[in-house]
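Student: fold the following.
(one chain, ligands or ions: 1)
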Amino acid sequence: MAKKGLLLCVCQGTCPSFHQMDVFEVLNAIRRENIVDFVSLHPQLCATDGDEYLKTLTENKDIDELYVAGCDPTMQAKMYRDAFENAGFDAKKHKGVDIRNMTTEQAVSAIKELINK
Ligand code: SF4
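Tutor: The predicted structure follows:
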């Protein structure tokens with residue numbers, strides 16, 4: 001069955017770009033809306049273990065849409081390309097949104113807008 005998931009990626013949690021928001025509240029707000037099947041937080045998807053995480057996750061053929069809220073979507077697409085290729089995951093199923101320098105409310109709205117597009 002087709003599943004939709006949201007990943008939050010936060011530059012290890014140390015980058016000031018993510019300090020105006022409560023990342024757990026962002027995830028909880030999306031969970032309360034019930035608009036995706038799963039959510040998770042990864043500190044650094046563009047690191048080697050982030051690649052492994054993405055590959056392992058997207059080997060699941062049930063995933064139909066994978067939303068990633070973090071840095072610029074074009075950067076995301078470049079950085080995740082190998083992991084998706086290695087998993088046999090169609091990169092078109094990945095949709096990114098830049099939530100850097102946003103408050104919790106702004107990040108939630110940007111993510112909802114992406115999911116409801
Ligand atoms: S993928 Fe983007 S948001 Fe995630 S750690 Fe790397 S630069 Fe930061």
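Student: next up, the contacts around N86.
Tutor: Taking CB atoms under 8 Å, 6 or more residues apart in numbering as the contact definition, N86 lies against K55. Where you see a C-beta, it was placed from the backbone N, CA and C, and this is true even at glycine.
Student: contacting residues around the spatially most central residue of the chain?
Tutor: Compute the mean C-alpha point of the chain, and by CA atoms, centre = their mean the closest residue is V68, 1.9 Å away. With CB under 8 Å, 6+ apart as the criterion, the residues that contact V68 are L6, L7, L8, C9, L45, Q76, Y80, H94, K95, G96, V97.
Student: these in strands, which ones?
Tutor: Taking DSSP state E, the ones among the contacts of V68 that sit in strands are L6, L7, L8, C9, H94, K95, G96, V97.
Student: from the ligand, how far off is the third one?
Tutor: For L8, the distance to the ligand (CB to the nearest ligand atom, to the nearest Å) stands at 9 Å.
Student: the ligand contacts on the protein?
Tutor: Residues of the chain lying close to the ligand (CB under 6 Å from any ligand atom) are C9, C11, Q44, L45, C46, G70, C71, Q76, M79.
Student: pipe the ones in strands among the contacts of V68 into JSON lines and attach pLDDT and neighbour count per row.
Tutor: What follows is these, written out as JSON lines (pLDDT from 0 to 100; neighbours: other CB atoms under 10 Å):
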{"residue": "L6", "pLDDT": "98", "neighbour count": "25"}
{"residue": "L7", "pLDDT": "98", "neighbour count": "24"}
{"residue": "L8", "pLDDT": "98", "neighbour count": "24"}
{"residue": "C9", "pLDDT": "98", "neighbour count": "25"}
{"residue": "H94", "pLDDT": "98", "neighbour count": "22"}
{"residue": "K95", "pLDDT": "98", "neighbour count": "18"}
{"residue": "G96", "pLDDT": "98", "neighbour count": "21"}
{"residue": "V97", "pLDDT": "98", "neighbour count": "22"}
